[in-house]
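Asker: Here you go, sequence then predicted model.
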Amino acid sequence: MENNDIKSGKTSAVISYFYLLGVLIAYLTNAEKKSQFAYFHIRQSLGLWLTFLALGYPVGYFDNWQITFSFWIAFAILFIYGFSMALSGKTTPIPLVGKFYQNAFKNIQ
């Protein structure tokens, strides 16, 4: 990826990690620039948020704080990893699920 592409898409990439509203804002602001760096992180963030919501409700029904706490810690680590990659200007997929998100949301570009 080119340095100019990373610079132009860095703000959108970082914004995308702020809940689903951030994904929407990043997608709309990147519509003019068409930064592939920003689209990479938009796909990563969208996948994380949708997985978080899909798994969060079933995990919430367990009456066990250890399961709930583990769930929150695992997703916090994944979000911090993705956010730090966006800040540092890298396109490293999120461990375990990042490549899947890139394939699942390949139409977002």
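Answerer: On my side now, so go ahead. This structure is a prediction, so every number in the text was calculated from the model and none was measured.
Asker: where do the strands sit along the chain?
Answerer: Ranges of strands in the chain, per DSSP state E: none exist.
Asker: Let me see the contact set for the residue nearest to residue 35 when sequence neighbours are not counted.
Answerer: Counting by C-beta to C-beta, 6 or more residues apart in numbering, residue 35 lies nearest to residue 9, which is 2.7 Å off, once chain neighbours are set aside. No exception for glycine: its C-beta is placed from N, CA and C like everyone else's. Residue 9 makes contact with 30, 33, 35, 36, 37, 38, 39, 41, according to C-beta atoms under 8 Å, 6 or more residues apart in numbering.
Asker: hmm, 7 Å instead?
Answerer: With contact set as C-beta atoms under 7 Å, 6 or more residues apart in numbering, residue 9 has these partners: 30, 33, 35, 37, 38.
Asker: Keep only those of the residues you listed that are in helices.
Answerer: Using DSSP state H, the subset of those located in helices is 30, 33, 37, 38.
Asker: JSON lines for those residues, including distance to residue 53?
Answerer: Formatted as JSON lines, the ones in helices among the contacts of residue 9 follow (distance: C-beta to C-beta, whole Å):
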{"residue": "30", "distance to residue 53": "22"}
{"residue": "33", "distance to residue 53": "28"}
{"residue": "37", "distance to residue 53": "25"}
{"residue": "38", "distance to residue 53": "22"}
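Asker: For the residue nearest the centre of the chain, report the pLDDT, please.
Answerer: For the chain, the residue nearest the mean C-alpha position is residue 45 (1.5 Å; C-alpha atoms, centre = their mean). According to the prediction, residue 45 has pLDDT 96.
Asker: dump the residue contacts of it.
Answerer: Neighbours of residue 45 in contact, by C-beta under 7 Å, 6+ apart: 16, 17, 23, 82.
Asker: pLDDT weak spots in the chain?
Answerer: For the chain, applying pLDDT under 70 flags the ranges 1.
Asker: Share the number of residues neighbouring residue 78, please.
Answerer: 20 (other C-beta atoms under 10 Å).
Asker: swap that for residue 12, sorry
Answerer: Around residue 12 there are 25 residues (other C-beta under 10 Å).
Asker: Cheers, nothing more for now.
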